[in-house]
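> From the sequence below, what's the structure:
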Amino acid sequence: SYLYGDPGPANALIKKDNPEMTDDLLVYGRQAMKRHGVVDSGAAKTLGIGAMTDARWKRFAAGMIKAGVYPAGLDLSRAYTLRFVNRGVGMKRPSPAAPLPKGKVPASQLSPPAPLPKGEGRTAETPLFLLPSPLGRGAGGEGC
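Numbering: from 1, shown residues only. Sure, this is the predicted structure:
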């Protein structure tokens, strides 16, 4: 992985697309991501990179509702899905043949995501985080 393995191939791609990046900046950035737990802290330590939980979403929504960003009657169950996360991504496993942690499903057994609805209007299937927020940025939150 980039953080704990050989960052060379990724750094080469970064420098190809962004020649202003120096080796020193890349080393500093990688060390800062590790030091501050940008990628693998909190729930990601046990659930994998990109982890989200119902509890975290409830805390996020409560804060946004309290701040007046979202209405009090927000149906949070339509704002996100845990279907594609919490599968141990980025976690070290003893061997490729080692069993996944309890409750995890191999990527080869996942169903492809449903296509997003067309058009700009919201439908019952459109997750809230794909809509423009009142602040002009994505609805955001941990894992977005």
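
> How about Val89, nearest residue that isn't a chain neighbour?
What sits nearest to Val89 in space, not counting adjacent residues and going by Cβ to Cβ, 6 or more residues apart in numbering, is Gly48, at 4.1 Å. C-beta: built from backbone N, CA, C; applies to glycine.

> Please work out how many residues are found near that neighbour.
Per other Cβ atoms under 10 Å, the neighbour tally for Gly48 reads 18.

> pretty sure it is in contact with Leu82, am I right?
No: taking Cβ atoms under 8 Å as the definition, Gly48 is not a contact partner of Leu82, at 11.9 Å.

> any idea where the strands of this structure begin and end?
Secondary structure of the chain (DSSP state E): no strands located.

> what's the least confident helix or strand in it, going by average pLDDT?
Every helix and strand of the chain was ranked by mean pLDDT, DSSP states H and E. The lowest is helix 44-47, at a mean of 88.

> Quick one: residues in contact with it.
Contacts with helix 44-47, where a contact means Cβ atoms under 8 Å, 6 or more residues apart in numbering, come from 50-51, 53, 85-88, 90.

> Tell me which residues of that helix come out buried.
Neighbour-count burial for helix 44-47, counted by 16 or more other Cβ atoms under 10 Å, picks out 44, 47.

> same check, this time on stretch 32-44
By 16+ other Cβ under 10 Å, the buried positions in stretch 32-44 come out as 40, 43-44.

> I'd like those as CSV, with distance to Gly63 appended.
Listed next are these as CSV, based on distance: Cβ to Cβ, whole Å:
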residue, distance to Gly63
Asp40, 24
Ala43, 17
Ala44, 20
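
> Which one of the residues you listed is nearest to Lys58?
Ala43 (13.5 Å; Cβ to Cβ).

> avg pLDDT for stretch 61-76?
Averaged over stretch 61-76, pLDDT sits at 93.

> and that stretch, which residues are buried?
Buried residues in stretch 61-76, counted by 16+ other Cβ under 10 Å: 61, 64, 70.

> where does the chain dip in pLDDT?
The model of the chain has pLDDT under 70 over residues 92-144.

> Contact partners for Arg59?
For Arg59, the contact set (Cβ under 8 Å, 6+ apart) is empty.
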